[in-house]
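K.L.:
any chance you can model this:
(chains A and B)
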Amino acid sequence: MAGLDPKAWINLGQATVALVDGTELGMQILKQIFSGLGARSLRCFGTAAEALDFARHTELTLIVCDDTLPDMSGYDFVNKLRHAGMDPNSFTPVIIVSGHTRQKQVAAARDCGANFVVAKPMSAQTLLERVVWVAKDGRPFVEVGGYLGPDRRFKEVEAEAKRGRRRHDGRTAEADPASQAEPERGAA
Amino acid sequence: MSAVVKHIPYQNRLAKLIRKPGGKRIADALQDAEANVAALRDEGLQELDRIIASIFRAGRGELGPEAVEAIYVDANQIVGVAGVFGYAKVGAAAFSLCELLDRSDPGRCDRMAVQVHADTLMLLRNEALSEEQSQVLLDGLKQVTARATAAAARGAQAPSSS
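P.N.:
Predicted structure coming up:
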């Protein structure tokens, strides 16, 4: 359990988590992981359009989506969400899970506004580490040019200085040290 | 000219909820999640076999742009699921196939290179290979992909230089 203290507590019981995956097995894996982690309100969508439609009327705490969806890429989905003007859901933390990234999508992965891109195959531990990281993500949201999402420059400076080197902005990072990744129970 | 940066205040609700009293100890949460995923193993391996068989068949058919895209989607799905159920090497072979297809001209995909990947997926999934044997196969795939994509790049440059 490299980045997390096994004795620490985590509460996803009151979070509304949207899972977006176009494949049945991929969705099952996500559901079972988040269910095991304690999330009770899981909203599952097979397409980006369904997820966007739902986000218009229900507040979401976290979104986890596949990078390949039947109607658009996961990167385009996040970009649409960020620019949809849906407060608060346009600012909801998003974790993208990605298998192989096409060459033509590398820039989209960087610029879509996701909080994190996690490389597949995913494990419960990796996902939980990223969820905790995203929860502690103190980066401000910025709009610059066509980009709307967590401040990427802030991440470069802060994340690298305090938490060690990351692969590159918007991509899966090395796990945070346990002391920083672990939430404190009842500290809200 | 520097771009205008607009800072937008927002509240990270996840940060608040995750720290509320209650929930699970992280060790228990991970144990539960892993047990849940393990319960999907039979279903997951069946699906893995179905996808590998689909790639195997498609690799021996007409490799037009639509077929290449379908193989890519299948291979990318394997990247996502094989490692979850203990077949990381299968996932690595599928990743190599994705690289091959992504870097190839869809209309001129190297059939032999695709078939070698399909055969290797079958072997890695079905045969009790040692770690060393598996690694030799994966190293071979890397070379196949490197050669095929280099050839594709040369082919892509050829028309513009003529």
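K.L.:
contacts, neighbours, all on C-alpha from now
P.N.:
Noted.
K.L.:
tally of neighbours for the nearest residue to A:Ser123 once chain neighbours are set aside?
P.N.:
Excluding the flanking residues, the one nearest A:Ser123 by Cα to Cα, 6 or more residues apart in numbering or on different chains is B:Val84, at 6.8 Å. Number of residues near B:Val84 (other Cα atoms under 10 Å in any protein chain shown) recorded here: 24.
K.L.:
what sits against the nearest residue to B:Met122 once chain neighbours are set aside?
P.N.:
Excluding the flanking residues, the one nearest B:Met122 by Cα to Cα, 6+ apart is B:Ile52, at 6.8 Å. The contact partners of B:Ile52, by Cα atoms under 8 Å, 6 or more residues apart in numbering or on different chains, come to B:Asp74, B:Ala118, B:Leu121, B:Met122.
K.L.:
rebuild these as a markdown table, extending it with pLDDT.
P.N.:
Formatted as a markdown table, the contacts of B:Ile52 follow (pLDDT from 0 to 100):
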| residue | pLDDT |
| --- | --- |
| B:Asp74 | 96 |
| B:Ala118 | 97 |
| B:Leu121 | 97 |
| B:Met122 | 96 |
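K.L.:
output the below-cut-off pLDDT ranges for chain A.
P.N.:
Along chain A, the parts satisfying pLDDT under 70 run over A:1-2, A:154-188.
K.L.:
for it, what spans make up the strands?
P.N.:
Secondary structure of chain A (DSSP state E): strands located at A:9-10, A:16-20, A:41-45, A:62-66, A:94-98, A:116-119, A:141-144, A:147-150.
K.L.:
neighbouring strands of the last one in the sheet, and parallel or not?
P.N.:
Looking back up the chat, that one is strand A:147-150. Partners of strand A:147-150 in the sheet, by DSSP bridges, are strand A:141-144 (antiparallel).
K.L.:
what sits up against the strand it pairs with?
P.N.:
By Cα under 8 Å, 6+ apart, the list of residues contacting strand A:141-144 reads A:91, A:148-151, B:3-10.
K.L.:
kindly report the same for stretch B:72-89.
P.N.:
A:25-26, A:98-100, A:120-123, B:38, B:41, B:44-45, B:48, B:51-52, B:54-55, B:90-92, B:94-95, B:97-98, B:101-102, B:124-125, B:134, B:138.
K.L.:
B:Pro65 against B:Pro106, yeah?
P.N.:
Yes: the criterion here is Cα atoms under 8 Å, and B:Pro65 meets it with B:Pro106 at 4.9 Å.
K.L.:
the two: who's more crowded?
P.N.:
The neighbour comparison of B:Pro65 against B:Pro106 (other Cα under 10 Å) goes to B:Pro106, with 17 against 14.
K.L.:
distance of A:Pro121 from chain B?
P.N.:
A:Pro121 sits 5 Å away from chain B, going by Cα to the nearest Cα, to the nearest Å.
K.L.:
and the residue lying closest to that residue once chain neighbours are set aside, what pLDDT?
P.N.:
Here the nearest residue to A:Pro121 in space, its sequence neighbours aside, is B:Gly80; by Cα to Cα, 6+ apart that works out to 4.7 Å. Note on B:Gly80: pLDDT of 95.
K.L.:
ok, which stretches of chain B are helices?
P.N.:
Assigned by DSSP state H, chain B shows helices spanning B:13-18, B:26-38, B:41-59, B:65-81, B:88-102, B:111-126, B:131-161.
K.L.:
make JSON lines out of the ones you listed and add distance to A:Arg40.
P.N.:
What follows is those, written out as JSON lines (distance: least, Cα to Cα, whole Å):
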{"stretch": "helix B:13-18", "distance to A:Arg40": "13"}
{"stretch": "helix B:26-38", "distance to A:Arg40": "13"}
{"stretch": "helix B:41-59", "distance to A:Arg40": "23"}
{"stretch": "helix B:65-81", "distance to A:Arg40": "24"}
{"stretch": "helix B:88-102", "distance to A:Arg40": "30"}
{"stretch": "helix B:111-126", "distance to A:Arg40": "35"}
{"stretch": "helix B:131-161", "distance to A:Arg40": "40"}
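K.L.:
what's the ChimeraX line that selects buried ones from the contacts of stretch B:72-89?
P.N.:
Buried subset of the contacts of stretch B:72-89, written as a ChimeraX selection, criterion 16 or more other Cα atoms under 10 Å in any protein chain shown:
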select /A:25,26,98,99,100,120,121,122,123 /B:44,45,48,51,52,54,55,90,91,92,94,95,97,98,101,102,124,125,134,138
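K.L.:
picking up where we left off before, buried subset of the contacts of strand A:141-144 as a PyMOL selection?
P.N.:
Under the burial definition 16+ other Cα under 10 Å, those of the contacts of strand A:141-144 that qualify are selected in PyMOL by:
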select buried, chain A and resi 91+148+149+150+151
